[in-house]
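**Student:** Sequence isn't available, so here's the structure alone:
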């Protein structure tokens, strides 16, 4: 499961959890290239996350599960 959280300082962070190991967190990273993150989709075929910002400034970013892009 991938979860997006907005911190008090306005930065967006993504946490990845493994359901098969009692929902332990396996990765956590900050989305540096996108501000005001609006959505996330897990592309399970390639183990890639697709992140996007709001509809006014269309921007899409792809990340591996360890946060690299």
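**Tutor:** Sure thing, it's come through. These figures come from a predicted structure and were not determined experimentally. Residues are numbered from 1 along each chain as shown.

**Student:** Residue 34 versus the spatially most central residue of the chain, what's the distance?
**Tutor:** In the chain, the centroid-proximal residue (Cα atoms, centre = their mean) is residue 14; its distance is 4.1 Å. Relative to residue 34, residue 14 is positioned 10 Å away (Cβ to Cβ, to the nearest Å). (Glycine included, C-beta is placed from N, CA and C.)

**Student:** again, but for residue 47
**Tutor:** 19 Å.

**Student:** which one of those two has more residues nearby?
**Tutor:** A count of neighbours by other Cβ atoms under 10 Å puts residue 34 above the other of residue 47 and residue 34, at 18 against 11.

**Student:** so that one touches residue 58, yeah?
**Tutor:** No: judged on Cβ atoms under 8 Å, residue 34 makes no contact with residue 58 at a distance of 11.1 Å.

**Student:** intersection of neighbour lists for the two?
**Tutor:** residue 52 (Cβ atoms under 8 Å, 6 or more residues apart in numbering).
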